[in-house]
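[1] using only what follows, build the 3D model:
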Amino acid sequence: MVQTDPTQYSRECASWRENLRNYRSELSSYREKLQDVVSQQVPRNELLNIEHYNNQFEIQLANINKLKHDIKEHERAALFTHSLNLTHPESLQQTHENLLDQYVSLEGTIVDLKKEFSAFVSRMN
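    Residues are numbered from 1 along each chain as shown. Coordinates of the predicted model:
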């Protein structure tokens, strides 16, 4: 069960957003590596992989942006609720837990994508 303290929410949200910023930066650098691969002679049978990785980078960057936005909105709601001295509704805690689930899932997807792409780049070199 996740803590309901607004400062705990805020710390967790800030940590998630920072990690998502780092993932966004990594994926952006992977996109640059993909451009480097494309600038070289690429075997025809690898063109679908190039398209796949390009699409995945776009999709995951969009997912990162959306989740960062949702986390920021949740953090604001938690701080607003606290500033009005309202009790923390169960829905706030449920939202926090849902965002944590989304964060963990996205993180797993990104880690897998990074491993796959690193293997692809190694194969291409």
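[2] so who does the residue lying closest to residue 38 once chain neighbours are set aside touch?
    Excluding its sequence neighbours, the residue lying closest to residue 38 (C-beta to C-beta, 6 or more residues apart in numbering) is residue 50, at 6.1 Å. In this view, the C-beta of every residue, glycine as well, is placed from N, C-alpha and C. Applying C-beta atoms under 8 Å, 6 or more residues apart in numbering to residue 50 gives the contacts 34, 37-38, 42.
[3] how about the helices in the chain?
    6-39, 47-83, 90-124 (DSSP state H).
[4] starting at the chain centroid, how far to the last one?
    Just to be clear, that refers to helix 90-124. 6 Å (C-alpha atoms, centre = their mean, to the nearest Å).
[5] same question for stretch 56-68.
    That offset, for stretch 56-68, works out to 6 Å (C-alpha atoms, centre = their mean).
[6] returning to what we had before: got the helices of the chain as a markdown table, with mean pLDDT columns?
    Below are the helices of the chain laid out as a markdown table (pLDDT from 0 to 100):
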| stretch | mean pLDDT |
| --- | --- |
| helix 6-39 | 93 |
| helix 47-83 | 92 |
| helix 90-124 | 94 |
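[7] re earlier: give me the buried entries from the contacts of residue 50.
    34, 37 (16 or more other C-beta atoms under 10 Å).
[8] quick check: of the contacts of residue 50, which lies closest to residue 74?
    Residue 74 has its nearest neighbour among the contacts of residue 50 in residue 34, at 32.6 Å by C-beta to C-beta.
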